[in-house]
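*Asks:* The amino acid sequence is not available; the structure is as follows:
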């Protein structure tokens, strides 16, 4: 090096120094570098979106969940539980209403009690899509075997995604009513349907109230 005077010690080559040597000499700098790398890798849009979605008690979701919880009728849920257990021949495996039903197994067994052989295969797998398949098979049998209307049924997300216990309870009560209507003589939790047709009320007009007033007659009645 022409700029280095004779007798001066050679300058150390920092470019070939191993990272471990730099970390040993400047530990705080290494920590800052690793922290920056970690924050960069975990602050991607997809990660931030996943964190946002994981906050199920945030904003509108929280408000909807609170409204749903306020509508729940725990006494009716207990009544529905006893009904399902009796028809399926099994007890709830959990005190949580959703957890006990979300695999669809008890629903399918309940359907086969009302309509034997309606559901050919009941999935016992722990795979989520198999559980949803059980729920779908139950709902499909409700339509085909019991002729239930869509407005009487809950949806697969209502149960599997735990969106609405109110809809699930209402759907099972409607199932009970449809089962009785289809000829099932077992237990029922639905109110009995009235067989008496309500007649339409008709106004009986007498001579007094059938007359047209002078005001309604207008000028035609006074000319």
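*Replies:* Noted; the coordinates are in hand. This structure is a prediction, so every number in the text was calculated from the model and none was measured.
*Asks:* contacts and neighbour counts: CA atoms only from here.
*Replies:* Fine.
*Asks:* List the contacts of residue 178.
*Replies:* 146, 147, 148 (C-alpha atoms under 8 Å, 6 or more residues apart in numbering).
*Asks:* Would you mind listing where the protein has pLDDT under the threshold?
*Replies:* Within the chain, the stretches with pLDDT under 70 are 1-60, 193-223.
*Asks:* in stretch 123-143, what counts as buried?
*Replies:* 123, 130-142 (16 or more other C-alpha atoms under 10 Å).
*Asks:* Mind putting these into JSON lines with secondary structure and distance to residue 113?
*Replies:* What follows is those, written out as JSON lines (DSSP: H, G, I helix; E, B strand; the rest coil; distance: C-alpha to C-alpha, whole Å):
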{"residue": "123", "secondary structure": "coil", "distance to residue 113": "17"}
{"residue": "130", "secondary structure": "helix", "distance to residue 113": "21"}
{"residue": "131", "secondary structure": "helix", "distance to residue 113": "19"}
{"residue": "132", "secondary structure": "helix", "distance to residue 113": "20"}
{"residue": "133", "secondary structure": "helix", "distance to residue 113": "19"}
{"residue": "134", "secondary structure": "helix", "distance to residue 113": "15"}
{"residue": "135", "secondary structure": "helix", "distance to residue 113": "16"}
{"residue": "136", "secondary structure": "helix", "distance to residue 113": "17"}
{"residue": "137", "secondary structure": "helix", "distance to residue 113": "15"}
{"residue": "138", "secondary structure": "helix", "distance to residue 113": "12"}
{"residue": "139", "secondary structure": "helix", "distance to residue 113": "15"}
{"residue": "140", "secondary structure": "helix", "distance to residue 113": "16"}
{"residue": "141", "secondary structure": "helix", "distance to residue 113": "12"}
{"residue": "142", "secondary structure": "helix", "distance to residue 113": "13"}
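*Asks:* Need those in a markdown table (columns: distance to residue 83).
*Replies:* Shown next, in a markdown table, are these (distance: C-alpha to C-alpha, whole Å):
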| residue | distance to residue 83 |
| --- | --- |
| 123 | 22 |
| 130 | 24 |
| 131 | 21 |
| 132 | 22 |
| 133 | 22 |
| 134 | 19 |
| 135 | 18 |
| 136 | 20 |
| 137 | 20 |
| 138 | 16 |
| 139 | 18 |
| 140 | 20 |
| 141 | 18 |
| 142 | 17 |
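*Asks:* Surely residue 164 and residue 158 touch.
*Replies:* Yes: with contact defined as C-alpha atoms under 8 Å, residue 164 reaches residue 158; the gap is 4.9 Å.
*Asks:* which one of these two has more residues nearby?
*Replies:* Between residue 164 and residue 158, residue 164 has the larger neighbour count (other C-alpha atoms under 10 Å), namely 20 against 16.
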